[in-house]
Structure formats: structure tokens, C-alpha cells
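Participant: Please find the sequence and the predicted model below.
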Amino acid sequence: MGASPVKRRNYEFIFNNLRNKSVFIGSQYGASEMFGDFSGFDYNLPSYMGECQVPTLGLDLQCFDEHGKSVVGQRGEVVIVTPCPSLPVYLWKDKDKKRLYETYLNKYDGVWCQNDECWINPKTGGIVVIGRSDDSMKQYGDLISASDIYFAIDSIKELSDYICVSQIWDEDERIILFIKLKKGHVLTDSLKTKIATTIKDELEKSYVPRIILEVPDIPYNLNNKRMESVVRKIIANNTIPEVNNIKNPESLQYFCNRPELYEDKKIQSP
């Protein structure tokens, strides 16, 4: 299984519906940029829910902290430390390679940074891919990944989809959760409480979004990934930016003109 981090319930569903319980189930992690996989499988080792077993053969994948130090057992950035034949040498319409270096090679000198947040399990050696590091949020001083919140609320039956971003507020950050409801459900105070309680129980109190709002649709890019960075830009100034790689551009309008996000701030739509 692959594409995006595989949820525990996906493992459980497959395992519970297989007659042969000895079938190998594993999660794989790759990226379009490198035309391949960052992780692989080892049938001689156990596979753990939520973890990618091992790096791809020959790939020096590590987890770097903010100081560029390789770490195990704590959150950091997915990096490729040594050259790999399938990594790109330039990006489309990037003749001077400026965008390539700014996006992937500037953060740690001479090291490819994938801009994904990860954690390497010190007991199993497995790789836990948390989500995009450039979409990390901060609330009450805690660094939070949107993926943490997605995992926590995934089992809430009333929710069809969701996207979580941060907003600068009173010289600080706060978390905003937008939800798309399944047909026949409405966003009530009791449902908001259910969402908040679930996040608090699964994670901790500081992860609970300050505001929960309903939207009819969630924006996805052409690789079928949520577009947190675009939504964050929209709610920052109530303006829709130019976006080229979006699957459903009509969804962006639902994040504009939301008075709950601005209260007494004088932000007007253009």
C-alpha cells in the first residue's frame, strides 16, 4: 500500500478480511520528484502498522532535526544524504536550477530534503511518514502536523473529508479545521464537541483546533493531495491566489469571506 501514509484502519480492514492471515501487508513511501520509492520491503522482517519497513536498497535515507543532525526516535525531516540516480537534475522551466535548489537543496547543504516530516522508530527501525513539513502548524507553543489531526478524526463517521491549517492571530498561531460532512449530517455544537474530544483523547489538548468550520468541498492537487498551503494563503488575506495544479478549483471559494476567521479584523475581499 502507498501514495500517502496508510492508516491503521486500512491495515485492520485488509487483515480482518483475509482468510490467509500469513499474507504480508506493508506500506510504501515514494515521491514523484524522484521517480521511485524511498522505502522498500523486507519479507524477512515483521511489518508494523503505520510504518514503512526499510529504506529502498542503496538509498541513504535519514531523519534530520532542525540543526541538520541525524536523529532516531524524534521528529525530523526526510533527507537523502548521498546522491541517487533517480533524483532530478532540474525542474520543468527551471533553467538556472534556482527553484530546484530553493525547494530541495537549500535547507541542508548538499543534502536532498524532501520536505516531509518523519519519525524513525528506535525499536523497529521503521519509518513513520507524518506529512508535509512545510505545512506544520504551531498552537500553544506545540509544533503540530495536520496529519496528526487527520489520523485522530479519521474514524468519526459524520466526516467525509477535512483539511487543517494554521492562521496567524494576535501575533501567534491558531489551528483552523475545515470539515466536509457526509450527506444527511449537519455541523452542530455536539459534533464540534465530539471532534474536539476525539482529538484531545487521541493526541492532547493543545492539538484541538480553535475553530471548526464546514465547507462543501476540500481542494486537492493533481496528485490527489490536500492543498493546505493554498488554504492557508486564502485565510491569511481573504484572497484566492493563482493555482495551477489543482483538481477542483471551484472549492477554493468556500474558504473566502468566512467572518468567523476575522472577527473584528478589517480584512475585505478584493
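Facilitator: Yep, it's here.
Participant: So which bits of stretch 27-47 are buried?
Facilitator: Within stretch 27-47, the residues that count as buried by 16 or more other C-beta atoms under 10 Å are 27-31, 33-34, 37-41, 47. For every residue, glycine as well, the C-beta is placed using N, CA and C.
Participant: I misspoke; the intended subject was stretch 226-236.
Facilitator: For stretch 226-236, burial by neighbour count (16+ other C-beta under 10 Å) applies to Arg226, Met227, Glu228, Val230, Val231, Arg232, Lys233, Ile234, Ile235.
Participant: gap between it and the chain center?
Facilitator: A distance of 13 Å separates the centroid of the chain from that of stretch 226-236, by C-alpha atoms, centre = their mean, to the nearest Å.
Participant: swap in stretch 73-86?
Facilitator: Distance, stretch centre to chain centre, for stretch 73-86: 17 Å (C-alpha atoms, centre = their mean).
Participant: So for it, what gets flagged as buried?
Facilitator: Of the residues in stretch 73-86, Arg75, Gly76, Glu77, Val78, Val79, Ile80, Cys84 count as buried by neighbour count, 16+ other C-beta under 10 Å.
Participant: For the second one, which non-adjacent residue is closest in space?
Facilitator: Leaving aside its chain neighbours, Gly76 sits nearest to Cys63 (4.1 Å; criterion: C-beta to C-beta, 6 or more residues apart in numbering).
Participant: Surely that neighbour is in a helix?
Facilitator: No. Under DSSP: H, G, I helix; E, B strand; the rest coil, Cys63 falls outside any helix and is assigned strand.
Participant: separation between it and Gly73?
Facilitator: Distance check for Cys63 against Gly73: by C-beta to C-beta, to the nearest Å, it reads 9 Å.
Participant: re the thing from before, what about the residue nearest to Gly76, neighbour count?
Facilitator: For Cys63, the tally of surrounding residues (other C-beta atoms under 10 Å) stands at 21.
Participant: what is it paired to in the beta sheet?
Facilitator: On the basis of DSSP bridges, Cys63 is bridged to Val78.
Participant: List the contacts of the helix or strand containing Phe151.
Facilitator: In the assignment (DSSP states H and E), Phe151 maps to helix 146-153. For helix 146-153, contacts defined as C-beta atoms under 8 Å, 6 or more residues apart in numbering pick out 5, 7-8, 117, 130-132, 135-137, 159, 162-165, 175, 177, 195, 198-199, 202-203, 207, 209, 226, 228.
Participant: Which of the residues you listed fall in strands?
Facilitator: If you go by DSSP state E, the contacts of helix 146-153 have Glu117, Ile130, Gly131, Arg132, Met137, Leu159, Tyr162, Ile163, Cys164, Val165, Ile175, Leu177 in strands.
Participant: By neighbour count, which of these wins?
Facilitator: Highest neighbour count within those: Cys164, with 27 neighbours (other C-beta under 10 Å).
Participant: which helices and strands does the longest helix along the chain pack with?
Facilitator: Longest helix of the chain, by residue count under DSSP state H: helix 189-202. Contacts defined by 3 or more C-beta pairs under 8 Å, 6 or more residues apart in numbering; DSSP states H and E place helix 189-202 against helix 146-153, strand 211-214.
Participant: Compare these and give me the one nearest Asn16.
Facilitator: Of all the helices and strands packed on helix 189-202, helix 146-153 sits nearest to Asn16, with 19.1 Å by C-beta to C-beta.
Participant: Who are the contact partners of the most centrally placed residue in the chain?
Facilitator: In the chain, the centroid-proximal residue (C-alpha atoms, centre = their mean) is Gly131; its distance is 3.2 Å. Taking C-beta under 8 Å, 6+ apart, we find Gly131 in contact with Pro5, Asp116, Glu117, Ser145, Ala146, Ser147, Asp148, Tyr150.
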